[in-house]
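Novice: could you work out the structure for the sequence below:
(one chain, ligands or ions: 1)
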Amino acid sequence: MKWIATTAGFVLRIAAGADRARLVKAIALMGAGYLATPLAAAGLREFTDAAVAGRAGPAALAAGAVAVLLIMELMLGHFAHLYYFEVGELAESTLNEELIAQVNGPGSLERLDDPAFADTVNLVREDLGRTRTAVESVLQLGGLGLQLVVTTVLLATLDPLLALLPLAAVPSVLIGRRAQGLVERAKEETAEHTRRTRHLLRLATDPASIKEIRLFQAERPLLDEHDRSWRAASTALRRAQLRAAALNALGQLAFAVAYGGAVTLLLWQAVAGRAGAGDVIMVIALAVQVSAQVAGVATLLTTLHGTARTLDRLTALAAPRPAAGTTSSAGAVAPAGTVSPVGTPSPIGTPSPIDGVSSAGTVSATGAMSTPGPAGATATPALPPGGAAARPGPAAARARVPDRLREGIVLENVGFTYPGTDRPVLHDVSLTIPAGGSVALVGENGAGKSTLVKLLCGLYRPTSGRVLVDGVDLAAVPVTDWWPRVAALFQDFARFELLLRENVGTGDLPRLADDAAVRGAIGRAEADPIVAAVPGGLAGFLGHGYGPGTELSGGQWQRLGLARALMREDPLLLVLDEPAAALDAAGEHALFERYAASSGAAGRRSGAITLFVSHRFSTVKMAGKIVVLDRGRVAEHGDHPTLLAAAGLYAELYGLQARAYR
Ligand SMILES: Nc1ncnc2c1ncn2[C@@H]1O[C@H](COP(=O)(O)OP(=O)(O)OP(=O)(O)O)[C@@H](O)[C@H]1O
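Specialist: Presented below is the predicted three-dimensional model:
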C-alpha cells in the first residue's frame, strides 16, 4: 500500500507546486462536502426517532439539519471541482514540461532511436492527459477516506461488529488493483501495435504523404495494414478488459454479501428490541454509503494505480539506459537538476556521460592536429592500435569550448553504431578539418554523411574514437556549451508553423525579436522574396497547421531553414546538410557563391569551419576540401583537382554527373 502514499504524495506535490492556494481551498471544500454525507445519515436517525416519538420540534430541527447537509454535499463538491479542475490543468502542464525536458534533454536523440524509449514516451504522453483526473482522484480518495472513518465510527456506535463492514471492501480493492494491472500490462504489450496504428493513420491523413499514397494507389494496403495493427492491439486489450471486468465483479460480490449481513444484523436487533427505527434507517443509509464508498475507493485506486504506472514510466524515461549498439558510450541523458517524480534521488539529476565530464580527458595528447596542406587539408594520422589507451586520464576540470578555432576539428578513428542496431554505419573515420576551412562531404546515399554531421554537431556521440575541437574532446565538453557555437541546416529541417519572424529567429533565440537580426539572416539566405510574398511579412503566419497561415513550397521552407541556420553570426561550425536540395540549380549556385564569400570572412574572423553535404558536384568543387565517404569509410579526400587527378571514386562520380549534364 506504500505506492498509494507515494503516488498521492507525488500528485499533491505537483498540484501544490502548481497552485497551493487553490489546492487548499479545493481540499477544504471537498472535505466538508464528503463529511456531510454520513452526518446526514445520523441526522436521519434523529429525525426518525423524533418523528416516531411524536416530537415535532426536534424532528423539524433534524429535518432542517439533514437538508442543509445534503445541500452542502452537492454544493461544496461543485465549488471544489472548480478549484481542483484548474489545479489539475496546471499540474498537467508541469508534467508536460517534465516530459518535454526528458525527450529533449541532451543526448535524447540516441534514446528516441530506442523503440522501447519511444513506446514509453507515447504511453506517458497519453497518460499525462489524465493528470487532472489524477488530482481529482487523490482529493476524492482523501474525502472518501474521511467519510469511511466517520461512517465506521457511526456504525460502531450501533454494534461493534458493524465496524468490520468496511473491511469487506478490502478483497474488492485488491481484486480491482489486480484487474487494472492486467489492463496496464496489455497496454504495454500492445504498445508497438498501437504506435504502428497511429503512424499508419498519420500517414493516411497527412497532406505530405497523401499525394504519394494516392499516386501509388496504396490506400487499400495501408488501410489493411492499419486494420491488422489495430485488431492486434484491440483484441489483446479487449481480452484484458473482459478479464478485468470479471475480476471486478467478483470483488463487488464479496462486498454485497457483507452488506446484506449488516442490514440483517440490525433488523434482528430491532426485532429483539435492542435497536430503534432510527438505528435501522441509519444503518441502511450508512451501509449504502459504505458500498458506494468502497466502490469509489476501488475505482479511484485503479485510477491512482494508472497514475503510479505513469510515474514509473516517467522515472524510466529519466533512468540512465545502456546504449544499444555494440560499444556505444552514449548513455541516457536528461536535463540536470530535475527532480524524480517520486521524490527519490533522480537519475535525471545524475551527471550523464554526454553533458558531464567524460573520462576521455580534455586536450588531445595525440598531437594529431596537422597543419593545413596546400589544399587546406591533411589527413590525420590514424592512431596506432590501442590508441585509445594513449588518452589522458580523467579530466580534472570541465573542458571548455574555445572562443575561436585556431587549429580545427579532428576526427580520430571515429566509429558509430545507431542505438538499437548492431550495424556500424561509420568505421574508423580519421580526418582533419582545418580552422577557417570549408569542407564538402560527398558520397552515395546511405554512405554516412548525415550521421557524420550529427556527430560533429554533438547530437550523437561516437561509439568509438574521438572528435576533437582544437584538441578538446567533444565528449569532455558539456554539449550545451558546444551547441551555441554550432549553426546547422539539417537535411530533414524543421518546418516551424509559427510567425515568419519566429521561424527564422529560433536559430538564435536571444535575438528572436530582433527584426534587424532576423532580416540579416534572411538576406544572407536570399530569402527576402519569401518575406515579401507572405502577407504580414515577418509577422505573417506560416503553414496551415494551426491557423490561417501561408503555405510555402518545399524550396521556400528550406530557404527559411537556411536563414534560421544563419541566424547565429559567430558559430565555430556551420553545417549545411544538402541545403540546396530543394532549390533550383541557379538558386543553388548563387547561394553557394555568396555563401563561400561570407564563410571565408567568418573563417578569417573566428576560424569557423563550414561543412556542407551536397550531391551536386558543381557546388562541391568550390569547397577547400572534399571528403568522399563510401559505406561509412573515408574513401579519399583532397581538393577538386587533386581528387580528379587521383581518378578514384570522386572522379568517377564527378564524371557521371558531368556527362549527364553535357
Ligand atoms: N536514426 C537511425 N537509426 C538507425 N540507422 C540509421 C539512422 N539514421 C540513419 N541510419 C542508417 O545509417 C546509414 C547512414 O545514413 P546517413 O543518413 O548518414 O547517410 P547519408 O550519406 O547522409 O545518406 P543520404 O545521401 O541518402 O542522405 C544508413 O544505412 C541508414 O540506414
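
Novice: just give me the residue closest to the centre of this protein.
Specialist: Nearest to the mean C-alpha position of the chain, by C-alpha atoms, centre = their mean, lies Val103 at 3.5 Å.

Novice: secondary structure element for that one?
Specialist: Val103 belongs to helix 56-104 when assigned by DSSP states H and E.

Novice: return the helix or strand where Gly555 lies as CSV; C-alpha atoms alone will do.
Specialist: Take DSSP H and E as the rule and Gly555 turns out to sit in helix 554-565. Output of helix 554-565 as CSV, limited to C-alpha atoms (Å, rounded to 0.1, in the frame of the first residue of the first chain):
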residue,chain,number,x,y,z
GLY,A,554,9.5,22.9,-50.3
GLY,A,555,12.2,25.2,-51.5
GLN,A,556,10.8,28.2,-49.6
TRP,A,557,10.6,26.2,-46.4
GLN,A,558,14.3,25.2,-46.9
ARG,A,559,15.3,28.8,-47.6
LEU,A,560,13.8,29.8,-44.3
GLY,A,561,15.6,26.9,-42.7
LEU,A,562,18.8,28.2,-44.1
ALA,A,563,18.1,31.7,-42.8
ARG,A,564,17.5,30.1,-39.4
ALA,A,565,20.9,28.4,-39.6
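
Novice: packing partners of that helix?
Specialist: Secondary-structure packing of helix 554-565 (3 or more C-beta pairs under 8 Å, 6 or more residues apart in numbering; DSSP states H and E): strand 486-489, helix 500-505, helix 515-524, helix 528-533, strand 573-577. For glycine as for every other residue, the C-beta is placed from the backbone atoms N, C-alpha and C.

Novice: one more time with 7 Å, if that's ok
Specialist: For helix 554-565, the packing partners by 3 or more C-beta pairs under 7 Å, 6 or more residues apart in numbering; DSSP states H and E come out as strand 486-489, helix 500-505, helix 528-533.

Novice: ok, and the closest non-adjacent residue to the closest residue to the ligand within the stretch 451-600 of the chain?
Specialist: The stretch 451-600 of the chain approaches the ligand most closely through Thr451 (3.4 Å), counting by C-beta to the nearest ligand atom. Nearest residue to Thr451, sequence neighbours excluded (C-beta to C-beta, 6 or more residues apart in numbering): Val425, at 5.3 Å.

Novice: I'd like the helices and strands packed on helix 554-565 as CSV, with distance to Val52, mean pLDDT and mean neighbour count appended.
Specialist: Shown next, in CSV, are these (distance: least, C-beta to C-beta, whole Å; pLDDT from 0 to 100; neighbours: other C-beta atoms under 10 Å):
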stretch, distance to Val52, mean pLDDT, mean neighbour count
strand 486-489, 85, 88, 24
helix 500-505, 75, 90, 25
helix 528-533, 86, 92, 15
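
Novice: with distance to the ligand as extra columns, can I get these in TSV?
Specialist: Listed next are these as TSV, based on distance: least, C-beta to the nearest ligand atom, whole Å:
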stretch	distance to the ligand
strand 486-489	13
helix 500-505	24
helix 528-533	25
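
Novice: where do the helices sit along the stretch 151-300 of the chain?
Specialist: 169-189, 191-205, 207-215, 219-271, 277-318 (DSSP state H, counting those that start in this stretch).

Novice: output the below-cut-off pLDDT ranges for this structure.
Specialist: Under the criterion pLDDT under 70, the flagged ranges of the chain are 105-113, 115, 211, 291, 319-398, 545-547, 581-589, 592, 594-603, 658-662.

Novice: that one against the ligand: which residues are in contact?
Specialist: Listed as neighbours of the ligand in the chain under the rule C-beta under 6 Å from any ligand atom: 113, 418, 421, 425, 443, 445-451, 491.

Novice: now do the residue lying closest to Leu222 once chain neighbours are set aside against Ala277, distance only.
Specialist: Residue nearest to Leu222 in three dimensions, not counting chain neighbours: Ala204, with 5.5 Å by C-beta to C-beta, 6+ apart. Per C-beta to C-beta, to the nearest Å, Ala204 is found 67 Å from Ala277.

Novice: tell me who's in contact with Ala440.
Specialist: Ala440 is in contact with 612, 614, 620, 623, 626, counting by C-beta atoms under 7 Å, 6 or more residues apart in numbering.

Novice: three-state assignment of it?
Specialist: Following DSSP: H, G, I helix; E, B strand; the rest coil, we place Ala440 in the strand state.

Novice: circling back: okay, the helices and strands packed on helix 554-565 in JSON lines with distance to Thr642 next?
Specialist: Below are the helices and strands packed on helix 554-565 laid out as JSON lines (distance: least, C-beta to C-beta, whole Å):
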{"stretch": "strand 486-489", "distance to Thr642": "28"}
{"stretch": "helix 500-505", "distance to Thr642": "38"}
{"stretch": "helix 528-533", "distance to Thr642": "38"}
